[in-house]
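Participant: sequence? don't have it. structure:
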């Protein structure tokens with residue numbers, strides 16, 4: 001839990017100073033907090049599933065929609081809507097993705 005405390009501190013600071021901070025400062029703070037959280041996850045072997053461009057895998061990906069694409073390989077991940085996570089080979093959350101499909105022939 002101590003690995004998460006710096007992220008909590010960063011979020012508390014952001015909430016406290018939000019009313020007097022400008023947009024670039026808020027963005028920088030959010031990016032720093034995200035890095036802290038990702039570092040904590042990594043330390044505990046939580047892996048990110050970010051399958052952009054990979055073949056769709058129903059065991060690790062949740063298809064939100066299939067979208068026609070003239071450039072992407074059918075059944076490949078066209079866009080990642082929400083990254084997934086796994087711990088020690090066990091899926092914590094599937095990556096939510098948009099899957100490419102071949103264009104319909106006219």
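Facilitator: Okay, I see it. Note that the coordinates shown come from a computational prediction; the quantities given were computed from them, not determined experimentally. Numbers count the residues shown, from 1 in each chain.
Participant: ok, now which ones touch the residue most central in space within the chain?
Facilitator: By Cα atoms, centre = their mean, the mean C-alpha position of the chain lies nearest to residue 83, the distance being 3.1 Å. Residues counted as contacts of residue 83 (Cβ atoms under 8 Å, 6 or more residues apart in numbering) are 48, 49, 50, 95. Placement of C-beta: from N, CA and C, glycine included.
Participant: buried residues in the longest helix along the chain?
Facilitator: Criterion DSSP state H: the longest helix present in the chain is helix 23-43. Using 16 or more other Cβ atoms under 10 Å as the test for burial, helix 23-43 gives 29, 33, 36, 37, 40, 41.
Participant: and if you look at stretch 63-70?
Facilitator: In stretch 63-70, counting by 16+ other Cβ under 10 Å, buried: residue 69.
Participant: of the contacts of residue 83, which is the nearest to residue 64?
Facilitator: Lowest distance from residue 64 to those (Cβ to Cβ) belongs to residue 95, with 10.1 Å.
Participant: wait, that closest one touches residue 79, no?
Facilitator: No. Applying Cβ atoms under 8 Å, one finds residue 95 not in contact with residue 79, separated by 10.6 Å.
Participant: how about the helices in the protein?
Facilitator: Assigned by DSSP H, the helices in the chain fall at 5-17, 23-43.
Participant: what's the angle from the first one to helix 23-43?
Facilitator: Going back to what we said before, that points to helix 5-17. Note on geometry: by axes from the mean of the first three to the mean of the last three Cα atoms, to 10 degrees, helix 5-17 and helix 23-43 are set 160 degrees apart in direction.
Participant: which strands or helices does helix 5-17 pack on?
Facilitator: Contacts defined by 3 or more Cβ pairs under 8 Å, 6 or more residues apart in numbering; DSSP states H and E place helix 5-17 against helix 23-43.
Participant: what are the contacting residues of the helix it packs on?
Facilitator: Defining contact as Cβ under 8 Å, 6+ apart, one finds that helix 23-43 is touched by 3, 4, 6, 7, 10, 11, 13, 14, 18, 21, 48, 85.
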